[in-house]
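[1] Model the structure of this input:
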Amino acid sequence: MDTGFDLRQHGGVDVFLRDCPTRAVLELIASKWTMLVLVALEDGRPMRFAELRRRLDGVTPKVLTQTLRALEREGVLTRRVHPTVPPRVEYQLTKIGQEVGGLVQSITDWSQANLAAIQAARKEFDERAACEPPEVTAQERA
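    Below you'll find the predicted structure:
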């Protein structure tokens, strides 16, 4: 399958290659918790860890910490520690974080706008799948 112009010969990146560094960025951005953190911080207001944890219902402290560290490492957000007792830590999107946050917000808006159609398609598929024998692909036959 032709994936378009091959930038490798020109020193560029090709996301379709296994070792392309862009894949790591896409993997991080595509994470459910990353997307939710980006949307939670998208309004530009700094948030504390506990605020984010309450906002992201179901996230564990460990996963939230890992997500925030990964986003900080990639330059998507900043972590600011205020010299208080106990220390107050706030997270805020950087410029590139705001850019990707806007994209993720668009995906969120699209998801909400199309939820009824998606749920109807899911229901139709499940009903059809319950009545039909599973289709066997050529790969499964081999």
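
[2] Tell me the first helix or strand C-terminal of the top helix by length along the chain.
    Assignment by DSSP state H gives helix 95-113 as the longest helix of the chain. Per DSSP states H and E, the first helix or strand lying C-terminal to helix 95-113 is helix 115-131.

[3] Would you mind listing the buried residues in the helix or strand just after that next one?
    Sequence-wise, the next helix or strand downstream of helix 115-131 (DSSP H and E) is helix 138-141. Residues of helix 138-141 include none that count as buried (16 or more other Cβ atoms under 10 Å). Where C-beta positions appear, they are placed from N, C-alpha and C, glycine not excepted.

[4] same question for helix 138-141, mean pLDDT?
    Taken as a whole, helix 138-141 has a mean pLDDT of 72.

[5] For the host helix or strand of residue 50, name the packing helices and strands.
    For residue 50, the element it lies in under DSSP H and E is helix 49-55. Applying 3 or more Cβ pairs under 8 Å, 6 or more residues apart in numbering; DSSP states H and E, one finds that helix 49-55 makes contact with helix 32-41, helix 61-73, strand 88-93.

[6] Swap in 7 Å and give it another go.
    Contacts defined by 3 or more Cβ pairs under 7 Å, 6 or more residues apart in numbering; DSSP states H and E place helix 49-55 against helix 32-41, helix 61-73.

[7] how much space between the spatially most central residue of the chain and residue 100?
    Nearest to the geometric centre of the chain sits residue 30, at 3.1 Å (Cα atoms, centre = their mean). Counting by Cβ to Cβ, to the nearest Å, the separation of residue 30 from residue 100 is 11 Å.

[8] now residue 67
    From residue 67 across to residue 100, the span is 14 Å (Cβ to Cβ).

[9] Residue 78 too?
    Note on residue 78: its distance to residue 100, by Cβ to Cβ, is 14 Å.

[10] Which one's more surrounded, the two?
    Neighbours were tallied for residue 78 and for residue 100 using other Cβ atoms under 10 Å; the higher tally belongs to residue 100 (21 against 14).

[11] if I pick the more buried one, what's in contact with it?
    Contact partners of residue 100, counting by Cβ atoms under 7 Å, 6 or more residues apart in numbering, are 29, 38, 76.
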